[in-house]
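**Student:** I'd like to go over a predicted model; first the sequence, then the structure.
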Amino acid sequence: MASPRPPRLCSVGGAVVDHYPDLGLGFPGGNAPNVAVHAARSGAAAAFLGVAGDDPAGRLIRASLEAEGVETSRLQAVPGVTPAVTVRRGPGGDFRCVACPRQFLPFAPGADAVEYLAGFDLVHLASTSRADAVVAAWAERLPISYDFSGGPDAATATLLPFVTFAALSRPDMDE
């Protein structure tokens with residue numbers, strides 16, 4: 001009996017570098033790359049469709065994703081500097097983003113993205129993916145996972161009808 005194939009997930013969006021000045025370290029990051037890595041670590045066939053700069057940070061992101069077993073054929077290296085996020089240790093010892101990029105690299109999934117994504121069981125996007133304009137069209141053919149982060153907001157109400165799986169992070173709200 002043949003073993004079942006692993007689930008296939010493609011995560012879509014931009015990549016960043018997370019700088020931890022308190023630790024003197026930096027790591028590849030961003031919601032979409034992180035989800036792809038965790039899916040691969042969990043046994044899924046994972047891919048990343050997104051953008052990073054053509055700088056050393058962008059090359060680090062590509063190499064790190066590949067080292068984790070994430071397919072990167074659709075990772076666009078565009079001219080520019082990969083955005084950086086500054087993360088510091090908070091008073092309780094937890095780490096918090098204290099400076100997020102104001103400018104991002106241009107990212108526009110190509111016209112053939114839907115055909116590529118149709119080969120996956122789930123397509124993951126996040127509020128940081130900068131791909132909200134394609135969610136409704138993609139949802140006609142693809143199951144969508146969407147991380148709304150701190151929502152709900154106007155985007156949540158607009159996009160939620162097109163999403164198969166939704167995540168909301170609301171640490172400031174009670175149950």
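**Tutor:** Right, received. Where do you want to start?

**Student:** and the lowest-mean-pLDDT helix or strand in the chain, how far from the chain's centre?
**Tutor:** One helix or strand of the chain scores below all others by mean pLDDT, DSSP states H and E: helix 154-159, with a mean of 77. Offset of helix 154-159 from its chain centre (C-alpha atoms, centre = their mean, to the nearest Å): 18 Å.

**Student:** mind checking the SS state of the residue nearest the centre of the chain?
**Tutor:** Compute the mean C-alpha point of the chain, and by C-alpha atoms, centre = their mean the closest residue is Ala32, 0.9 Å away. Recorded secondary structure, Ala32: helix (DSSP: H, G, I helix; E, B strand; the rest coil).

**Student:** That one reaches His124, doesn't it?
**Tutor:** Yes: in terms of C-beta atoms under 8 Å, Ala32 counts as a neighbour of His124; the distance is 6.7 Å. For the C-beta atoms, the positions are set from N, CA and C on the backbone; glycine is no exception.

**Student:** Now the common contact residues for these two.
**Tutor:** Residues touching both Ala32 and His124 (C-beta atoms under 8 Å, 6 or more residues apart in numbering): Ser11, Val12.

**Student:** Give the burial count for the nearest residue to the residue nearest to the centre of the chain once chain neighbours are set aside, as a bare number.
**Tutor:** Closest residue to Ala32 apart from its sequence neighbours, by C-beta to C-beta, 6 or more residues apart in numbering: Gly13 at 3.3 Å. Other residues within reach of Gly13, judged by other C-beta atoms under 10 Å, total 27.

**Student:** can you give me the helices for this structure?
**Tutor:** With DSSP state H, the ranges of helices along the chain come out as 31-41, 56-67, 113-117, 132-139, 154-159.
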